[in-house]
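Peer 1: only geometry, no sequence info:
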């Protein structure tokens, strides 16, 4: 079974609407999980809510209840790279948490104590499937693999954007992927984070985001549909 996690209704409703077979609903840890068939594969989908704690809770609940074989975290993000435009797709090579800061105790910025590295690496097979599917399905946008930076903050200033790039060399920023990745790694569950760009993470973000989030989310949903059949051949 494949798990699909998105933060908002707009990121998961389109996938839920395409489910076939017997659709089952579960309410766990304050979140609604929907199980069904997508592209002839069994999937479970949840809207986790915005932010890292919500994402972590939903991810752990999904793993515990449904014993998923792999997790896809889908959604939108702000671009940190001038090459990456609104509606383009970023596939996680790895994920960091840019707001984790215990440098006063001698740790590098972003390092979580008792973890093996500063970043959480996505499953290589899932990354390659995502890239291949995106390039075939979404021919009107560019597809990038890169580092995704997560934090409990909507980034909408050039100063903060520059800081994240300088500290982490990230390609885009959002608010859930780092938590999903950390929980997956702790549970030895393969994962990939997919983000469609909704804004430029600068002073215009608060204006761009409401306008472009629907298009960006739609691109993510199309990509999920294209990926599922290929993933089910592996897991």
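Peer 2: Alright, I've got the coordinates. On a predicted model such as this, the values are computed, not experimentally measured, just so you know.
Peer 1: Ends of stretch 36-54, what's the gap?
Peer 2: Stretch 36-54 has an end-to-end distance of 23 Å (Cα to Cα, to the nearest Å).
Peer 1: my bad, should have said stretch 108-125
Peer 2: End-to-end for stretch 108-125, by Cα to Cα: 29 Å.
Peer 1: Please apply the same query to stretch 102-109.
Peer 2: For stretch 102-109, the first-to-last residue distance is 7 Å (Cα to Cα).
Peer 1: Check stretch 35-49 too.
Peer 2: Per Cα to Cα, stretch 35-49 runs 18 Å from first to last residue.
Peer 1: which non-adjacent residue is nearest residue 2?
Peer 2: Counting by Cβ to Cβ, 6 or more residues apart in numbering, residue 43 is the residue found nearest to residue 2 once chain neighbours are left out, at 4.9 Å. (Each C-beta comes from the backbone N, C-alpha and C, glycine too.)
Peer 1: scratch that, residue 126
Peer 2: Nearest non-adjacent residue to residue 126 (Cβ to Cβ, 6+ apart): residue 192, at 3.8 Å.
Peer 1: which residues does the one you found contact?
Peer 2: Contact partners of residue 192, counting by Cβ atoms under 8 Å, 6 or more residues apart in numbering, are 70-73, 91-92, 122-123, 126-127, 129-130.
Peer 1: gap between stretch 155-173 and the chain center?
Peer 2: On the basis of Cα atoms, centre = their mean, to the nearest Å, stretch 155-173 sits 17 Å off its chain's mean C-alpha point.
Peer 1: Which positions in it come out as buried?
Peer 2: The neighbour-count check on stretch 155-173 (16 or more other Cβ atoms under 10 Å) flags 155-156, 160-161, 164-165, 168, 170-173 as buried.
Peer 1: Next: stretch 46-56.
Peer 2: 46-52, 54-56.
Peer 1: Contacts made by it with the rest, please.
Peer 2: For stretch 46-56, using Cβ under 8 Å, 6+ apart, the contacting residues are 3-9, 11-12, 31-34, 57-59, 61-62, 73, 97, 150-152, 175-180, 182-183.
Peer 1: Okay then, goodbye and thanks.
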